[in-house]
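Colleague: Provided below for reference: sequence and predicted model.
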Amino acid sequence: MIDLQADVAIVGSGFGGSVTALLLERAGLRPVLIERGRHPRLALGESSTPLANLLLQHLGQRYDLPQLVPFGEYGSWQAAYPQLACGLKRGFSYFKHEHGRAFTPRNDRGNELLFAASATSDDADMHWYRPDFDHFLVREVQAAGIPYFDRTEVTATNDGQHWTLQGNADGEPLAIRAEFLIDASGDAGFVCKSLGISREPVGMQTHSRVVFGHFADVGLWSDLYAAQGGKVDGHPFPCDDAALHHIIDGGWMYVLRFNNGVTSAGFMLDTRLHPVDESLSADDEWQALLGQYPSVQAQFVAATITPECERIRRTPRLQRRAVQTAGPNWALLPFSAYRLDALHSTGNAHTLCGVERLVQILEQRLPRDARTAALQAYDRTLQSEIDTVDEIVHGCYSAFSRFDLLVSYAMFYFAAATVSEHARRKHRRQTASEFLLSGDPEFRQALRLASGQLQQVLQAGPTSRSDEEAYGRFVAGLLQPYNIAGLCDPARQNMYPFLKVDYTLRSHE
Ligand SMILES: Cc1cc2nc3c(=O)[nH]c(=O)nc-3n(C[C@H](O)[C@H](O)[C@H](O)COP(=O)(O)OP(=O)(O)OC[C@H]3O[C@@H](n4cnc5c(N)ncnc54)[C@H](O)[C@@H]3O)c2cc1C
């Protein structure tokens, strides 16, 4: 019988659970980490962002975990951990495809958008190859002497003061008594199930699902683009070294290349326009989707599913949201609290924001009332951030068939991301408006206005070029106080290089 006392029990050992355990241990608390599966394992959530990497770097520095610091940039990752697969990500690239037609590059680059998030490959961010990345972190947990149990299913009871977790660790009965429980189980919703908390996507505007896999031998999009007459030398970075987005009607496809020959790819589809057809297998659906977009199909013509992935997979509607994300002696990490969509790669940075906040609350060892108040604030902040991400992603889905409008509206994401990243670089800690400026009422109001106007323009039916330009100017005006990255500039023809930011532009940072 294994019998343990812990300050904090963490259920789930994705990177979220493992980083939480490492930080809590350095903060002098006694965590224990429980995983029902076993590493390495396939996991989605791969494309990182500068904010996620900065968070890892800063948390590593603040909590004396030097092993996390190299994850801050692609160059330092390569130098420190060449054995851990990852993908070079210089930014975001988007290409708009027309149903049934090959992609045709335009001279005005009106059907593409590239946004650089870094100046060079060395200081770029990356796609995390989660089997390697998560496994590495869990080994660090073990090396730190933190009790870790994999292949372990537990049940939990909460008497209001303590949690009792019971189960079996490798055939041996296990009992853990913990003062606090952190749910890092993601989709499994461990705490919500234990406490009967609803995870219905009430109020969420995004309706999407995913058909996905891991592949070998995916072609380079830049080769196909150039073969179609596209001029790659006008791109601010190689468009495959990115979170590559193929925009289609009612959805989009992500293509993320890792340096071990694997490419992660998936069609994310609006469930209202692309409901699941149960008469088609996931593989049939994948082939059918490729068949509708010849240039995307050409990129996957030689692709094969990796043995680890085994088959094309698909999900029903992705969105879920816990009505409550923290209580007096428990809290959900963001991905346990909600699931939205992969558009713009918001999830991992958000997870790490949540980790940072929870650790800051717990390390203070507050009296119970003060801790409860802090956890209520955690809940309010997280719920408000979910609304912000949902509003951004939903607006983009609405505009997938109208690329000009999509480009204008997506500037809200880039403005929010760049300001959040630069605030983090400057202050090296969380600011009130992080994550994605959700805590900034003026930004939220601007986003609301832009969303409302976008829906009006879309409902009015086909628009002229001048209507689209007018919407672009409207967005540019709203974003003016947040535009530290030269966004919304028609002269750039949708090609945004990395700009070194003048911090003094934003007095209210
Ligand atoms: C389709 C899709 C694509 C995404 N793409 C991106 C992206 O490109 N970029 C990005 O930033 N974010 C993305 N996200 C979000 C990203 O997946 C999450 O931010 C990330 O996985 C959160 O990590 P985590 O460690 O909190 O949870 P997870 O990675 O989900 O880990 C949960 C762990 O808990 C374990 N577990 C589950 N139940 C139990 C239990 N009962 N007991 C013990 N252990 C348990 C699981 O086995 C797993 O190891 C995407 C999400 C989706 C749905």
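Modeller: Nice, I can see it.
Colleague: Distance from the chain centre to stretch 473-484, please.
Modeller: Distance of stretch 473-484 from the chain centroid (Cα atoms, centre = their mean, to the nearest Å) equals 24 Å.
Colleague: Stretch 136-146 too?
Modeller: Using Cα atoms, centre = their mean, the offset of stretch 136-146 from its chain centre is 24 Å.
Colleague: is it anywhere near the ligand?
Modeller: No - using Cβ under 6 Å from any ligand atom, stretch 136-146 stays clear of the ligand, with a minimum separation of 8.9 Å. Heads up, the C-betas are built off the backbone N, CA and C, glycines and all.
Colleague: Can you give the contact residues for that stretch?
Modeller: Stretch 136-146 has contacts (Cβ atoms under 8 Å, 6 or more residues apart in numbering) with 13, 15, 18-19, 21-22, 25, 31-33, 35, 39, 65, 67, 81, 84, 148, 150.
Colleague: which of the residues in the strand or helix carrying Val141 are buried?
Modeller: Taking DSSP states H and E as the criterion, Val141 maps to helix 130-143. Using 16 or more other Cβ atoms under 10 Å as the burial criterion, the residues of helix 130-143 that qualify are Arg130, Pro131, Asp132, Phe133, Asp134, His135, Phe136, Leu137, Val138, Glu140, Val141.
Colleague: how about the residue lying closest to the second one once chain neighbours are set aside, secondary structure?
Modeller: Spatial nearest neighbour of Pro131, chain neighbours left out: Pro40 (3.7 Å); criterion: Cβ to Cβ, 6 or more residues apart in numbering. With DSSP: H, G, I helix; E, B strand; the rest coil as the basis, Pro40 sits in coil.
Colleague: One more: Leu290?
Modeller: From three-state DSSP, the assignment for Leu290 is helix.
Colleague: just to revisit the earlier point, for the helix holding Val141, the distance to its chain's centre please.
Modeller: 19 Å.
Colleague: Could you do stretch 93-113 as well?
Modeller: 25 Å.
Colleague: cool, and stretch 230-245?
Modeller: On Cα atoms, centre = their mean, the centre of stretch 230-245 falls 21 Å from the chain's centre.
Colleague: Can you show me the CA trace of that stretch as PDB?
Modeller: Extracted in PDB, the C-alpha atoms of stretch 230-245 (Å, rounded to 0.1, in the frame of the first residue of the first chain):
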ATOM      1  CA  GLY A 230       4.300  32.500 -56.300                       C
ATOM      2  CA  LYS A 231       7.300  34.700 -55.300                       C
ATOM      3  CA  VAL A 232       8.700  33.300 -52.100                       C
ATOM      4  CA  ASP A 233      11.400  35.900 -51.900                       C
ATOM      5  CA  GLY A 234       8.700  38.400 -50.900                       C
ATOM      6  CA  HIS A 235       7.800  36.300 -47.800                       C
ATOM      7  CA  PRO A 236       9.200  37.700 -44.600                       C
ATOM      8  CA  PHE A 237      10.200  34.100 -43.600                       C
ATOM      9  CA  PRO A 238      10.000  30.600 -45.300                       C
ATOM     10  CA  CYS A 239       6.300  30.000 -45.200                       C
ATOM     11  CA  ASP A 240       6.600  26.400 -44.100                       C
ATOM     12  CA  ASP A 241       8.700  27.400 -41.000                       C
ATOM     13  CA  ALA A 242       5.500  28.500 -39.400                       C
ATOM     14  CA  ALA A 243       2.100  27.500 -38.200                       C
ATOM     15  CA  LEU A 244       0.900  27.100 -41.800                       C
ATOM     16  CA  HIS A 245      -2.800  27.700 -42.300                       C
END
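Colleague: is it anywhere near the ligand?
Modeller: No - no part of stretch 230-245 sits close enough to the ligand to count as contact by Cβ under 6 Å from any ligand atom; the gap is at least 6.6 Å.
Colleague: Any buried residues in that stretch, and which?
Modeller: Across stretch 230-245, burial judged by 16+ other Cβ under 10 Å covers Gly230, His235, Pro236, Phe237, Pro238, Cys239, Asp240, Asp241, Ala242, Ala243, Leu244, His245.
Colleague: Between all of these, which two are at the greatest distance?
Modeller: Gly230 and Ala243 (18.7 Å; Cβ to Cβ).
Colleague: on that earlier part again, let me know whether the residue nearest to Pro131 touches Asp150 as I believe.
Modeller: No - the criterion here is Cβ atoms under 8 Å, and Pro40 misses it with Asp150 at 11.3 Å.
Colleague: Which neighbours do the two have in common?
Modeller: Counting by Cβ under 8 Å, 6+ apart, Pro40 and Asp150 have no shared contacts at all.
Colleague: picking that back up, out of the buried residues of stretch 230-245, flag the one nearest to Met495.
Modeller: The nearest member of the buried residues of stretch 230-245 to Met495, counting by Cβ to Cβ, is Pro236 at 5.5 Å.
Colleague: tell me the contacts of that closest one?
Modeller: Counting by Cβ under 8 Å, 6+ apart, Pro236 has contacts Gly91, Leu114, Ala116, Met495, Tyr496, Pro497, Phe498.
Colleague: Surely the last one is in contact with Ala119?
Modeller: Yes - contact criterion Cβ under 8 Å: Phe498 and Ala119 qualify, at 4.6 Å.
Colleague: number of nearby residues for Asn483?
Modeller: Asn483: 21 surrounding residues under other Cβ atoms under 10 Å.
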